[in-house]
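Participant: One predicted model, sequence on top.
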Amino acid sequence: MSSTAFAFVLLFVCSTSWGDDGPISIQVQSLSFGVVPQQATGKLARQWEPLLDYLSEKSGVTIRFSTAKYIPTFEKRLAAGVYDLAYMNPYHYTVFHKKAGYEALAKAKDKQIKGIIVTRKDTSLGSITELKGAHLSFPSPAAFAASILTQSELKYWDVSYTPHYVSSHDAVYRTVAKGIFPAGGGVVRTFMAAEEDIRQQLQIFWRTTGYTPHAIAAHPRVSSEVVERIQQALIDMDKTPEGKKLLEQLKIKGWQSARDADWDDVRNLDIKRLNDLGLQ
């Protein structure tokens, strides 16, 4: 195992509590939770750290927020099994379930993920076919909805284009708002969470077909008992006022249990072109 992977592997720390016969040593599990870097690290931390603190309290397992600066780095860490738990896009899940053994435990309730193409509000574009020959902005090659689905839509409409990968959803929205690119790919959740002054300059120009959303998945080294406790804490979040408030920050209704077969719709896309990325 590499030194980088080792640094993120499951940690155990000891604490002390008191029983009838005196102090008792207890092992407290500490798990890393990797979040796909669709947005800036600071923004992700503000969204996820309170939620992970909540899950830690409810499950009795300490869960630490983690991410990566760039999506390709996040992918390499998933491949190496660096994260104990991870929130990953649908395509990442199908790849890293097979490659590193990650097993889905939850997904957003009553939701499908769709890609969107955004343009400036003052655009003269009237149809997706008018993007033919354009230079367009995307987060990364393996960003499922923002890149894969939107590019598949462009291909369906026989729109040739030049892709530019700018590292995050936020960067897509900024480059389009500044007029650097006429359009770019994203998803509704990150678009609605974008900076107000950026979002006010943009509009959703196109939406793709919907698919099973992001997965919360566990590496096989995490025990089934711990996975079940975390899964139950996730499922119960929308039953408490505090949990509902935290869910609102992520703009989802709640979590529901998930199984590997839920992502067969993504597998059926047979995304062969991404073999070149070395992810499969």
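Facilitator: Yes, it's here.
Participant: for the stretch 51-200 of the chain, what spans make up the helices?
Facilitator: 71-79, 90-100, 150-156, 169-177, 188-192, 196-199 (DSSP state H, counting those that start in this stretch).
Participant: and those helices, which is most packed in?
Facilitator: helix 169-177 (a mean of 23; mean count of other Cβ atoms under 10 Å). The C-beta positions use only the backbone N, C-alpha and C, and glycine is treated the same way.
Participant: Other residues contacting it?
Facilitator: For helix 169-177, the external contacting residues (Cβ atoms under 8 Å, 6 or more residues apart in numbering) are 38-40, 43, 118-120, 137-139, 143, 146, 164, 166, 181-187, 190-191, 194-195, 198-199, 201-202.
Participant: same check, this time on stretch 49-61
Facilitator: 28-31, 33, 62-65, 226, 229-230, 232-234, 236-237, 242-243, 246-247, 249-250.
Participant: Can you go through these and name the buried ones?
Facilitator: The neighbour-count test (16 or more other Cβ atoms under 10 Å) marks 29, 31, 33, 62-65, 226, 229-230, 233-234, 237, 243, 246-247 as buried among the contacts of stretch 49-61.
Participant: Residue 124: what's it in contact with?
Facilitator: Residue 124 touches nothing, counting by Cβ under 8 Å, 6+ apart.
Participant: Please determine how far it is located from residue 183.
Facilitator: Relative to residue 183, residue 124 is positioned 12 Å away (Cβ to Cβ, to the nearest Å).
Participant: likewise residue 175?
Facilitator: Taken as Cβ to Cβ, the span from residue 175 to residue 183 is 10 Å.
Participant: Same question for residue 254.
Facilitator: 32 Å.
Participant: Strands of the stretch 51-200 of the chain, start to end?
Facilitator: Shown for the stretch 51-200 of the chain, the strands assigned by DSSP state E, counting those that start in this stretch span residues 62-66, 85-88, 103-108, 116-120, 134-138, 161-165, 183-186.
Participant: Tell me which strands the third one pairs with, and in which orientation.
Facilitator: Right, strand 103-108. strand 215-218 (antiparallel), strand 255-257 (antiparallel) (DSSP bridges).
Participant: Out of the ones you listed, flag the one nearest residue 86.
Facilitator: Among the strands paired with strand 103-108, strand 215-218 comes nearest to residue 86, with 5.7 Å by Cβ to Cβ.
Participant: any idea of the mean pLDDT for that closest one?
Facilitator: Regarding strand 215-218, the rounded mean pLDDT is 98.
Participant: And it, how far out from the chain middle?
Facilitator: 10 Å (Cα atoms, centre = their mean, to the nearest Å).
Participant: same thing with stretch 100-116?
Facilitator: On Cα atoms, centre = their mean, the centre of stretch 100-116 falls 8 Å from that of its chain.
Participant: Which parts of it count as buried, going by neighbours?
Facilitator: For stretch 100-116, burial by neighbour count (16+ other Cβ under 10 Å) applies to 100, 102-109, 111, 113-116.
Participant: now the strands of the stretch 51-200 of the chain in CSV, with mean pLDDT and distance to residue 53?
Facilitator: What follows is the strands of the stretch 51-200 of the chain, written out as CSV (pLDDT from 0 to 100; distance: least, Cβ to Cβ, whole Å):
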stretch, mean pLDDT, distance to residue 53
strand 62-66, 98, 8
strand 85-88, 98, 14
strand 103-108, 98, 17
strand 116-120, 98, 31
strand 134-138, 98, 33
strand 161-165, 97, 33
strand 183-186, 98, 28
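Participant: okay if I get these as JSON lines plus distance to residue 268?
Facilitator: Output for those, formatted as JSON lines (distance: least, Cβ to Cβ, whole Å):
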{"stretch": "strand 62-66", "distance to residue 268": "31"}
{"stretch": "strand 85-88", "distance to residue 268": "19"}
{"stretch": "strand 103-108", "distance to residue 268": "17"}
{"stretch": "strand 116-120", "distance to residue 268": "22"}
{"stretch": "strand 134-138", "distance to residue 268": "22"}
{"stretch": "strand 161-165", "distance to residue 268": "24"}
{"stretch": "strand 183-186", "distance to residue 268": "21"}
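Participant: Thanks a lot, catch you later.
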